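1. make a model of this:
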Amino acid sequence: MNILLIEANQKLYESKGELNHSLCTQAKKYLSQPMNQVTVSCISKGNWNIQKEINKLKKADLIIYHFPLWWFGVPSVLKKYFDEVLQHQEVFVMTERYGEGGLLKGKKFMISVTSNMSKSDFGNASIMKEVKDIDEILIQLILTNKYIGIVEQLPTFHSDNVIKGDTSELDSNYLHHLQSLDL
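-> Next up is the predicted model:
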């Protein structure tokens with residue numbers, strides 16, 4: 001299986017991007033088995049070769065995104081990556097029915113996201129009363145993948161409460177999540 005890990009671990013406030021880097025490194029270590037070829041695209045600095053990234057996406061059977069949640073969405077560098085790399089005629093075409101021209105069919109994707117919100121905030125915190133889970137917040141990323149043809153989503157790994165909480169079991173929790181996947 002060809003696996004592409006996309007790491008978008010930008011620094012912001014107290015965050016140094018270390019948690020997402022650690023999770024991406026752990027995924028690479030766990031998934032690097034004889035039957036897998038694992039490639040990492042660290043896009044945090046914003047300097048990528050568009051055609052090489054398109055080729056990586058085309059080759060991948062599974063894409064795992066690693067990033068911190070910023071303002072209820074992906075970091076700006078991941079949005080910029082999509083704007084530049086998700087090229088018309090390369091990963092999608094226009095169709096009569098909107099959203100049916102994805103060219104990356106038969107692939108899977110997974111999201112690994114860190115945030116400072118707690119899982120208990122879903123449905124409870126004042127601004128989160130109508131939000132059931134992290135995937136509702138990440139709908140733009142989910143729909144972007146579906147638009148380019150990657151409709152099968154593996155369960156999201158959400159590491160919550162990472163700034164004010166305890167992250168001592170984060171690595172073991174992520175490893176358990178990866179082990180539970182049906183690849």
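2. who does the helix or strand hosting residue 65 pair with, and is each partner parallel or antiparallel?
-> Taking DSSP states H and E as the definition, residue 65 sits inside strand 62-68. Each strand paired with strand 62-68, and its direction, by DSSP bridges: strand 2-7 (parallel), strand 108-114 (parallel).
3. what's next to the shortest one, contact-wise?
-> I take that to be strand 2-7. 20-21, 24, 27-28, 31, 36-44, 56-57, 59-67, 78, 81 (Cβ atoms under 8 Å, 6 or more residues apart in numbering). All C-beta spots, glycine's among them, are computed from the backbone N, C-alpha and C.
4. quick one: the strands in the chain, in order.
-> In the chain, the segments counted as strands under DSSP state E are 2-7, 37-42, 62-68, 108-114, 152-153, 157-159.
5. export the ones you listed to JSON lines and append columns for distance to residue 101, mean neighbour count and mean pLDDT.
-> Output for the strands of the chain, formatted as JSON lines (distance: least, Cβ to Cβ, whole Å; neighbours: other Cβ atoms under 10 Å; pLDDT from 0 to 100):
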{"stretch": "strand 2-7", "distance to residue 101": "21", "mean neighbour count": "22", "mean pLDDT": "98"}
{"stretch": "strand 37-42", "distance to residue 101": "24", "mean neighbour count": "17", "mean pLDDT": "98"}
{"stretch": "strand 62-68", "distance to residue 101": "18", "mean neighbour count": "25", "mean pLDDT": "97"}
{"stretch": "strand 108-114", "distance to residue 101": "18", "mean neighbour count": "23", "mean pLDDT": "97"}
{"stretch": "strand 152-153", "distance to residue 101": "17", "mean neighbour count": "14", "mean pLDDT": "98"}
{"stretch": "strand 157-159", "distance to residue 101": "29", "mean neighbour count": "22", "mean pLDDT": "93"}
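6. and of these, who's closest to residue 97?
-> Nearest to residue 97 among these is strand 152-153 (19.9 Å), distances taken as Cβ to Cβ.
7. how about residues contacting the closest one?
-> Under Cβ under 8 Å, 6+ apart, the answer for strand 152-153 is 107, 108, 109, 110, 111, 142, 145.
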